[in-house]
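A.B. asks: Turn this into a model:
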Amino acid sequence: MEKIIQGPRLAESARVRSEDLNESILQKIGSTPLLDFSKIARSECPNVEIYAKAEWFNAGGSVKARPALNMIEEGERAGKLKPGMTILDSTSGNTGVAYALIGMVKGYHVKLVMPQNVCGERKQLMSAAYHAEIVYSSPLEGSDGAILLCREIYRQNPDLYFWPDQYNNPANWQAHYKTTAEEIWRQTGGKVTHFLAGLGTSGTAMGTSRGLKERFDKGIKCYGIEPAETLHGIEGLKHMDSSIVPGIYNKEELDGIVSVATEEAYEMTARIQREYGLNVGTSSGAAIAGAVKLGKTLTGGVLVTVLPDSCDCEATTGGHCAKD
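C.D. replies: Take a look at the predicted model:
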């Protein structure tokens, strides 16, 4: 197994200043470190090992850089994204930052539709730092409201826009099929037995699960993590039965769903901060809480999950990070 970095040394972000943007930045998407959460595993589910991918090491600072880059480059290869066109999509935070960064590097205008209550730090990155245009949807309608407004904007002038449509674009999950799955297999020395990821667009869960099972070991068990409540406080995750279900999501391909209550996610987020010095968001807390919950049902195994990003805005503004 590769040497696994752990501890407060990872409490940094790969966010990029606009003045430092160039084509080489895109090479810093992928190959993120794997963190060892054995301390938590020993106290909660001692028969298993728990590891997690530190996705804030991607350029742009989140897991969403992987699918954003793949969707944009697939659009270019297919001739759907051409010079002079505007990249348009809905977002609740991280995918928008990734689109804005990549669009600025490649010379495209980027227009993002997002709920009004997305945290200020991400708004600043998208608009002030990376010069994206932002259209706000109702904060009461969440990510579903942004999706519906984005559809309407595209319908009015489809020739102007390249709409990646992250919730329905196969290039979303294919990014994880090609990269995240391979990294997890290599970093664990092929010892991974279980994989879990939060369900938002579902691209991380679906793509990594397919990649691990089809490319490496069909016996690996793969799970989605979703909020236990219909009205929840875990930013970036969807309660699928009460939401617009992404077209790329197929529950039948997963070995199960792990439900995590908002309170459990918040408690684990605080514990990660306290014991590891990592300022992560509630979706990361949900990821580790879900791994612990699954681990308690097992007699052994190597569990791997994904921490979508760091959460600077929670620390600085008291708000909640929003993720797709």
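A.B. asks: so where's the stretch 1-150 of the chain shaky on pLDDT?
C.D. replies: Within the stretch 1-150 of the chain, the stretches with pLDDT under 70 are 1-21, 119-124, 128.
A.B. asks: now with 90?
C.D. replies: Applying pLDDT under 90 to the stretch 1-150 of the chain flags residues 1-25, 60-61, 92-94, 115-131, 139-144.
A.B. asks: Could I get the full set of strands for it?
C.D. replies: 34-36, 48-54, 86-90, 109-115, 133-137 (DSSP state E, counting those that start in this stretch).
A.B. asks: Out of those, the one nearest Thr305 is which?
C.D. replies: Thr305 lies closest, by CB to CB, to one member of those: strand 48-54, at 4.9 Å. To be clear about C-beta, it is placed using only N, CA and C from the backbone, and glycine gets the same treatment.
A.B. asks: and Thr230, that one's in a strand?
C.D. replies: No: the secondary structure assignment for Thr230 gives coil rather than a strand, going by DSSP: H, G, I helix; E, B strand; the rest coil.
A.B. asks: quick one on the thing from earlier: want to throw the strands of the stretch 1-150 of the chain into JSON lines with mean neighbour count and distance to Ala68?
C.D. replies: As requested, the strands of the stretch 1-150 of the chain are exported to JSON lines (neighbours: other CB atoms under 10 Å; distance: least, CB to CB, whole Å):
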{"stretch": "strand 34-36", "mean neighbour count": "21", "distance to Ala68": "22"}
{"stretch": "strand 48-54", "mean neighbour count": "24", "distance to Ala68": "17"}
{"stretch": "strand 86-90", "mean neighbour count": "24", "distance to Ala68": "9"}
{"stretch": "strand 109-115", "mean neighbour count": "24", "distance to Ala68": "10"}
{"stretch": "strand 133-137", "mean neighbour count": "17", "distance to Ala68": "16"}
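A.B. asks: Need these in CSV (columns: distance to Gln156).
C.D. replies: Listed next are the strands of the stretch 1-150 of the chain as CSV, based on distance: least, CB to CB, whole Å:
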stretch, distance to Gln156
strand 34-36, 45
strand 48-54, 39
strand 86-90, 11
strand 109-115, 12
strand 133-137, 12
